[in-house]
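Trainee: Sequence below, structure please.
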Amino acid sequence: MTTPGNELLEQTRQGFGAYLCAQSAGARPNAAALTALVERLGLVNEFVGKPTGGESVAFLRRQGAATSNIANDDVLHADWVIHVASRRDGMVDSVCQEAAKLLAPARVRVLNGVLGTKRGDEQLLLRC
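Mentor: I've put the predicted structure just below:
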């Protein structure tokens with residue numbers, strides 16, 4: 001007899017999330033415009049304060065990277081990563097679209113997914 005995997009357990013969608021992985025094309029990102037975007041949309045910087053209602057953003061700058069079991073050159077070579085999470089449907093897509101325009105001419109790859117629960121543990125299920 002085999003034990004069933006977690007795929008049969010109920011997964012309740014708790015929100016949406018994405019990682020924007022950007023490779024520089026020489027220009028620096030417009031930090032003021034990115035800050036204005038997230039403030040206008042009501043997102044809280046994860047490093048500054050506690051996000052209310054799951055509405056958050058984090059700005060990460062590459063310090064180093066190493067390959068792992070799953071190859072993903074867009075993540076491995078990203079100069080910047082923006083993580084965004086929201087419980088509002090469509091919010092993450094809006095942030096991704098607008099941020100990608102603000103990061104131009106950088107090469108941007110979006111890894112998005114849904115925030116779900118499995119036995120009470122939250123996890124971001126990426127759709128690549």
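
Trainee: Flag the shaky bits of this protein, pLDDT-wise.
Mentor: Low-confidence segments of the chain, defined by pLDDT under 70, are located at 1-12, 51-52, 70, 117-128.

Trainee: Please go through it and pick out the longest helix.
Mentor: Here the longest helix in the chain is taken by residue count, with DSSP state H as the criterion, and it is helix 91-103.

Trainee: which element follows it toward the C-terminus?
Mentor: The element immediately downstream of helix 91-103 (helix or strand, assigned by DSSP states H and E) is strand 107-118.

Trainee: hey, C-alpha coordinates of that next one in PDB?
Mentor: Below are the C-alpha coordinates for strand 107-118, written out as PDB (Å, rounded to 0.1, in the frame of the first residue of the first chain):
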ATOM      1  CA  ARG A 107      16.000  42.400 -18.600                       C
ATOM      2  CA  VAL A 108      13.100  41.300 -16.300                       C
ATOM      3  CA  ARG A 109      11.800  37.800 -15.600                       C
ATOM      4  CA  VAL A 110       8.700  37.300 -13.500                       C
ATOM      5  CA  LEU A 111       8.300  34.200 -11.400                       C
ATOM      6  CA  ASN A 112       4.700  34.300 -10.100                       C
ATOM      7  CA  GLY A 113       2.500  32.000  -8.100                       C
ATOM      8  CA  VAL A 114      -0.100  31.700  -5.400                       C
ATOM      9  CA  LEU A 115       0.300  31.700  -1.700                       C
ATOM     10  CA  GLY A 116      -1.400  28.500  -0.500                       C
ATOM     11  CA  THR A 117      -1.600  26.400   2.700                       C
ATOM     12  CA  LYS A 118      -0.800  22.800   3.200                       C
END
